[in-house]
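Give me coordinates for this.
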Amino acid sequence: MKSKAKTTNGYAKIAHKFAQRVQGKGGSIIVPKTSSERREYVPIGYMDKDSVITDAAFVIFKQDPALFGIISSKLHGLWIRTVGGQLETRLRYSVEIVYNTFPFPDVSEKKRLTVAEKAMAIVAIREDYPELSIEDLYDPDTMPADLKQAHYELDVVVEQCYQIKPFYSDIERLECLFKLYEKMMEAENA
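The predicted structure is shown next:
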């Protein structure tokens, strides 16, 4: 090996193994890089520390149920559809363009716990359907009614983190998110 980097030379000795393995201490949240545009919700994953996650997903090495809930919400899905890219017609997630620009709400611990509770209900319901793949669980034609209801209940509590009164439309949701995004950018540039 002609590299001057010691680590590169070390990796050459074990070329048959994965050289760089990133793993958190606990579980993680996974976000698919690509998801069907037909889905009402992007299927966010909640994985244990022993799961192997492929390059088809982004990983958040933090098993935070409230964070899982917020990014599993319709509101975050709307942000993905609006600012994210596409691969053919499918939704394309980006850490830089979607996740890092999403205005996460600053909420009380009580609200965080409520979001977390609703999010974990989604995880529990998914586990009630071991015979269904994530694809089947989130296909609009085969999505179980109780999973859809659990997502609706999560959406209600997540949206209450942004404003007290219910949103009337996706346009109103986006107006709220973009106002918060502008404030976020102003604070970063101050």
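
And the pLDDT at the residue nearest to the spatial centre of the chain?
With distances taken as CA atoms, centre = their mean, residue 71 lies nearest the centre of the chain, 4.1 Å away. For residue 71, the model assigns a pLDDT of 96.

For residue 97, see how far away it is.
Look at residue 71 and residue 97: by CB to CB, to the nearest Å, they are 14 Å apart. Yep, even glycine has a C-beta here, placed from its N, CA and C like the rest.

now swap in residue 140 and tell me
According to CB to CB, residue 140 and residue 97 sit 25 Å apart.

Which of the two has more residues huddled nearby?
residue 97 (15 against 11; other CB atoms under 10 Å).

Let me know whether the more buried one touches residue 80 as I believe.
No. At 9.6 Å, residue 97 does not count as touching residue 80 under the criterion of CB atoms under 8 Å.

returning to that earlier point: was I right about the residue nearest to the centre of the chain contacting residue 30?
No. Contact criterion CB under 8 Å: residue 71 and residue 30 do not qualify, at 10.4 Å.

Mutual contacts of the two, please.
Taking CB atoms under 8 Å, 6 or more residues apart in numbering as the criterion, residue 71 and residue 30 both touch residue 44.

I'd like to know how many residues surround residue 178.
Residues near residue 178, counting by other CB under 10 Å, number 14.

can I assume it sits in a strand?
No. Assignment of residue 178 by DSSP: H, G, I helix; E, B strand; the rest coil gives helix, placing it outside any strand.

Local confidence estimate at it?
At residue 178, the model reports a pLDDT of 97.

again with the one 10 residues further on
The predicted structure scores residue 188 at 88 on the pLDDT scale.

do you know how far residue 75 is from residue 117?
Between residue 75 and residue 117 the computed distance is 17 Å (CB to CB).

And the two? Which one has more around it.
With neighbours defined as other CB under 10 Å, residue 75 and residue 117 compare such that residue 75 has more, 24 against 15.

ok, now which ones touch the more buried one?
Neighbour list for residue 75: 155, 158-159, 162, 173, 177 [criterion: CB under 8 Å, 6+ apart].

change it to 10 Å
102-103, 105, 154-155, 158-159, 161-162, 167, 170, 173-174, 176-177 (CB atoms under 10 Å, 6 or more residues apart in numbering).

element containing it, please.
Using DSSP states H and E, residue 75 falls within helix 74-83.

Residue 30 too?
Going by DSSP H and E, residue 30 is part of strand 28-32.

who does that strand touch, helix- and strand-wise?
Here strand 28-32 touches strand 45-47, strand 57-60, helix 65-71, strand 90-92, going by 3 or more CB pairs under 10 Å, 6 or more residues apart in numbering; DSSP states H and E.
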